[in-house]
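Visitor: model this:
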Amino acid sequence: MKRIIILILIVGCSQNEYKNVGDIPFDKEMDDDGFQICNEKKIKQYYVRKSSDTPPSYKGEKRGLEQAIISKYSFPQSEKEDGYITIRFIVNCNGETGRFRMEEMDFAYSTKKFDPKISSQLLEIVKNLDEWIPRKSKNMDFDFYQYLAFKIKNGQIIKILP
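Guide: Reported below is the predicted structural model:
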């Protein structure tokens, strides 16, 4: 008989509080004090959904989101930059965004530093996306984590995930 062992990683535990891997705690050095979370203890992960929940969305859905990004992105001339840029952030219950974090890597998933003409530009574009539609559960809006991953080839956006 085989035994299956399940390991649950819980970081920073207190009596009735836990944090998931991927949570974005407030950092006074990086984050805007004016961005308010509606319920700090109940920020939903983008992938966790009950059947009664409405999914997180952007006005115009995926196509609207892609158009909002591509219309503002200025492709750097003759860039040989390839890889992925992932930007994680929180959308609050009012559809406002904050606590942005960015990771850059090459196609082999090794850490890489992109030219700021690409990475800084994408971060600013994402920070200025302002038509997020909050998730709902039982007719209540709530905060959620969101990410956008950009596949970059020769400085151009090839794909936007999810």
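
Visitor: can you give me the helices in the protein?
Guide: Ranges of helices in the chain, per DSSP state H, are 61-70, 116-127.

Visitor: ok, how many other residues are close to the closest residue to residue 151 other than its chain neighbours?
Guide: Closest residue in space to residue 151, ignoring its immediate chain neighbours: residue 159 at 4.1 Å, by C-beta to C-beta, 6 or more residues apart in numbering. For glycine as for every other residue, the C-beta is placed from the backbone atoms N, C-alpha and C. Residues lying near residue 159 (other C-beta atoms under 10 Å) number 11.

Visitor: do the same with residue 105
Guide: By the criterion of other C-beta under 10 Å, residue 105 has 16 neighbours.

Visitor: residue ranges with poor pLDDT in the protein?
Guide: Within the chain, the segments meeting pLDDT under 70 span 1-22, 46-56, 78-79.

Visitor: could you list every residue that touches residue 32?
Guide: Going by C-beta atoms under 8 Å, 6 or more residues apart in numbering, residue 32 touches residue 98.

Visitor: And for residue 147?
Guide: Contact analysis of residue 147 by C-beta under 8 Å, 6+ apart lists 46, 86, 87, 88, 89, 162.

Visitor: And the furthest pair within those residues?
Guide: The span of the contacts of residue 147, defined through C-beta to C-beta, is set by 89 and 162 at 13.5 Å.

Visitor: Pick out whichever of these two has more residues nearby.
Guide: Between residue 89 and residue 162, residue 89 has the larger neighbour count (other C-beta under 10 Å), namely 21 against 11.

Visitor: wait, what's in contact with that one?
Guide: The contact partners of residue 89, taken as C-beta under 8 Å, 6+ apart, are 24, 97, 98, 99, 100, 101, 126, 145, 146, 147.

Visitor: possible to save those as a markdown table with distance to residue 138?
Guide: Compiled in a markdown table, the contacts of residue 89 are given as follows (distance: C-beta to C-beta, whole Å):
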| residue | distance to residue 138 |
| --- | --- |
| 24 | 25 |
| 97 | 23 |
| 98 | 25 |
| 99 | 25 |
| 100 | 29 |
| 101 | 29 |
| 126 | 29 |
| 145 | 20 |
| 146 | 21 |
| 147 | 25 |
